[in-house]
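# Sequence and computational prediction follow.
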Amino acid sequence: MIEDLILAKYNYWIYVTLMMIGFYAVIAKKNLVKKVIGLNIFSTAIFLFYISIGDVIGGTEPIYIHGEHVVYVNPIPHVLILTGIVVSVSITAVALALIIKIYEEFGTIEEDQILELQS
Amino acid sequence: MRILPLITVLLVGALLIWSAQDMPDMGDPNAPTNLHVAPYYIEHSEEEVGVENIVSAILADYRGYDTLGETTVIFTAGVSVLLLLRRRED
Amino acid sequence: MKEEDVIIRTVIRLMVPFIQIFGLYVIFHGGSGPGGGFQGGVILAASMILYVMAFGVTGGRRKLTEKTNMIMRSTGVLIFSGIGLLAILFGGKYLDYGAVPLPFIHHAAEVRELLIDGGVEVGIGITVMAVMVTIFLEFYPGGTSDD
């Protein structure tokens, strides 16, 4: 039972741990830059989950080798994750630019001080 | 460590692990993701598109519309950062 | 911003051409091995960022002006959608590379390979490089001056 629960599905344990670390950073930290870092860790966990689903035992990378019969890894998750990585970089860039504008307006980047200054 | 976020995080983590017991093992060749479209791409991509890298062939030819949308996303991110951070010389 | 030490300046001046050639190799050989448009574009942008970090913004602006950066940012997306419209002109669907009759080539598969490797990936690489350099120079202190 231990084998079935932990060893055969160890990619799910790793991805859930990383995702919960990123999720905790987003909801519990008060500094705005730490929240953006938590969002990045969360996206990395999702990419890891997607690529580990498409693995095939004994498979090699999906580039053609002429003349031999080889088992290839599923190429579709790689394609989707390339798009996802670029979207994650764009989100981080725009979020950091917004943090700079918030700092120029309020003078601080702690969340509770900003909520005090607003009311 | 704050108490309420910690309890939320542990609860969501336990729910996710409990729901992952029904998913296929890692590396299973009979998982549903490896059965429908992927064998078609692997077999026919050498004769229809002459490119040897299957990932590049899917990215630029079979699913080229998604790549066009993604290039627009990164172009929009560059324009947004420029709009937010330019200071006007008045 | 001020320039760096003599050792850093000399080493980076030696390294930047090799990094750029490697970035171009990754873009153009994306069909035969790992690589492609996005990966090569990021490597080219990394070479520009290294140059600006060593020689300051004034030294970097002599090599890549703001007007060239602005033109390159839009040209990549234009190349990609332009190839799609070219396919419509010759009777196919949008982004159907097999319908374009190139002069000396007789198989549809070779037309697709040439337009992917030499048209679409180059366009993606140019746009990604210009946008990464733009994002870096907006956050760098003193990076938006035009002199």
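Sure thing, it's come through. Residues are numbered from 1 along each chain as shown, chains lettered A, B, ... in the order given.
# contacts, neighbours, all on C-alpha from now
Will do.
# Against chain B - does stretch A:38-57 have any residue that ends up touching it?
Yes - judged by C-alpha under 8 Å from any C-alpha of the partner chain, stretch A:38-57 and chain B are in contact via A:52-57.
# Surely residue C:97 is in contact with residue C:112?
Yes - between residue C:97 and residue C:112 there is a contact under C-alpha atoms under 8 Å: 5.3 Å.
# Select only the buried ones of the residues of stretch A:38-57 next to chain B in PyMOL?
Those of those that count as buried under 16 or more other C-alpha atoms under 10 Å in any protein chain shown are selected in PyMOL with:
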select buried, chain A and resi 53+54+55+56
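# Please report the distance of residue A:103 from residue C:88.
49 Å (C-alpha to C-alpha, to the nearest Å).
# who has more neighbours, those two?
Using other C-alpha atoms under 10 Å in any protein chain shown as the criterion, residue A:103 and residue C:88 rank with residue C:88 on top: 17 against 13.
# Contacts for stretch A:5-25, please.
A:34-35, A:37-42, A:45-46, A:48-49, A:52, B:5-6, B:9-10, B:13, B:16-17, B:20-21, B:25-26 (C-alpha atoms under 8 Å, 6 or more residues apart in numbering or on different chains).
# hmm, back to that, taking the residues of stretch A:38-57 next to chain B one by one, which sit in helices?
Mapping the residues of stretch A:38-57 next to chain B onto helices (DSSP state H) picks out A:52-53.
# so which of the residues of stretch A:38-57 next to chain B comes closest to residue C:52?
residue A:52 (38.0 Å; C-alpha to C-alpha).
# Which secondary structure state does the residue nearest to the spatial centre of chain C sit in?
Geometric centre of chain C, nearest residue: residue C:126, 2.6 Å, by C-alpha atoms, centre = their mean. Here residue C:126 is helix, with the state taken from DSSP: H, G, I helix; E, B strand; the rest coil.
# do the same with the one 4 residues further on
Under the three-state scheme (three-state DSSP), the conformation of residue C:130 reads as helix.
# Please tell me how far it sits from residue A:55.
From residue C:130 to residue A:55 the distance is 35 Å (C-alpha to C-alpha).
# try residue A:9
Residue A:9 is 12 Å from residue A:55, by C-alpha to C-alpha.
# Mutual contacts of these two, please.
residue B:26.
# Just the buried ones among the contacts of stretch A:5-25, please.
A:35, A:38-42, A:45-46, A:48-49, B:5, B:9, B:13, B:17, B:20, B:25-26.
# quick one: which of these sit in helices?
A:35, A:38-42, A:45-46, A:48-49, B:5, B:9, B:13, B:17.
# quick one, helices of the chain?
Looking at chain A here, since you left the chain open. A:2, A:10-28, A:32-53, A:76-106, A:111-118.
# Can you look at chain B instead?
B:3-19, B:38-48, B:54-57, B:64-85.
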